[in-house]
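Colleague: sequence first, predicted coordinates after that:
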Amino acid sequence: MFSYQFAAQTHIGGRRENQDSYGSGMTPYGFVVTVCDGMGGAAGGKRAAETAVSLIIRDLRTSHHATPEPALIAAIEAANQAIFQISRLKTHLHGMGTTVTVLLVNKEAVYIAHVGDSRVYHLRNQQVLFRTFDHSAVFERVLMGQMTEEEARLSPESNIILRAVGVDASVDIDLHQSVWLPGDRFVLCTDGVSGIMPEPELLRQISQPKIPARIADELTEHVNHIGFAQGGRHDNLTIAVVDMG
């Protein structure tokens, strides 16, 4: 067996509706957490994010794949197809979609799957071992050396994402596998968290030696403080923290 502590927070920020969603639970493959950030008007984003969270966890709990990797891919692909079909059948939901980040951890390994610009961080001794790379237009330019990550964060095009679940009939999923050690921390967050502050400041916030519930509560408060100070139109925000025992 393995032990962990988990906590999560989601908040509407300065928007009229919270289109972020998260969920967690135990599956035959281990403990899973998923965080999604929906997009689309007329409640489409909220519907897409909630659908993805629900279906991914449900499918992982009932999957018959022998190993976690194909089970994760199949669950996200099934959520993609379901959201895509809903948007085709309901005109007012056409074009809806969602980012997806999934963390699955068991006694042998950790598996991280993602689509879009919500992130997962793996920290050890307050250092980043791994971080997902945003599927966005500006981060493609970062990869090509045309701008820094801070310039990308501040760019007016920072909200243009290149991959999302539910927008097309198929989806390209990034999957990462690694090992964990006791004391490791995993943080999942939407761009309402990562996009409001420089990354060094975010890393200081999530690296503090506090229990996950305190990290989630204090970071939510910090993001809202920044957002309301800037006019109160800041994005929905969601953070999930898993500490390994």
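Modeller: Arrived safely.
Colleague: tell me the mean pLDDT over the top strand by length along the chain?
Modeller: Assignment by DSSP state E gives strand 30-39 as the longest strand of the chain. On average, the pLDDT along strand 30-39 is 98.
Colleague: got the CA coordinates for that strand in PDB?
Modeller: In PDB, the C-alpha atoms belonging to strand 30-39 read as follows (Å, rounded to 0.1, in the frame of the first residue of the first chain):
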ATOM      1  CA  GLY A  30      -4.400   3.700  -7.900                       C
ATOM      2  CA  PHE A  31      -5.600   7.100  -6.600                       C
ATOM      3  CA  VAL A  32      -6.700   9.500  -9.400                       C
ATOM      4  CA  VAL A  33      -7.100  13.300  -9.400                       C
ATOM      5  CA  THR A  34      -8.400  15.200 -12.500                       C
ATOM      6  CA  VAL A  35      -8.700  18.900 -13.000                       C
ATOM      7  CA  CYS A  36     -10.400  20.400 -16.000                       C
ATOM      8  CA  ASP A  37     -11.000  24.000 -17.300                       C
ATOM      9  CA  GLY A  38     -14.000  24.200 -19.600                       C
ATOM     10  CA  MET A  39     -14.500  26.600 -22.600                       C
END
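Colleague: so what does it touch, helix or strand wise?
Modeller: strand 4-11, strand 20-27, helix 44-62, strand 97-98, strand 100-105, strand 185-189, strand 237-244 (3 or more Cβ pairs under 8 Å, 6 or more residues apart in numbering; DSSP states H and E). For every residue, glycine as well, the C-beta is placed using N, CA and C.
Colleague: now the angle from the third one to strand 100-105?
Modeller: Spelled out, that is helix 44-62. 30 degrees (axes from the mean of the first three to the mean of the last three Cα atoms, to 10 degrees).
Colleague: what angle do helix 44-62 and strand 20-27 make?
Modeller: 10 degrees.
Colleague: now helix 44-62: how far from the chain's centre is it?
Modeller: Centroid displacement of helix 44-62 relative to its chain, using Cα atoms, centre = their mean, to the nearest Å, is 13 Å.
Colleague: no further queries at this time; thank you.
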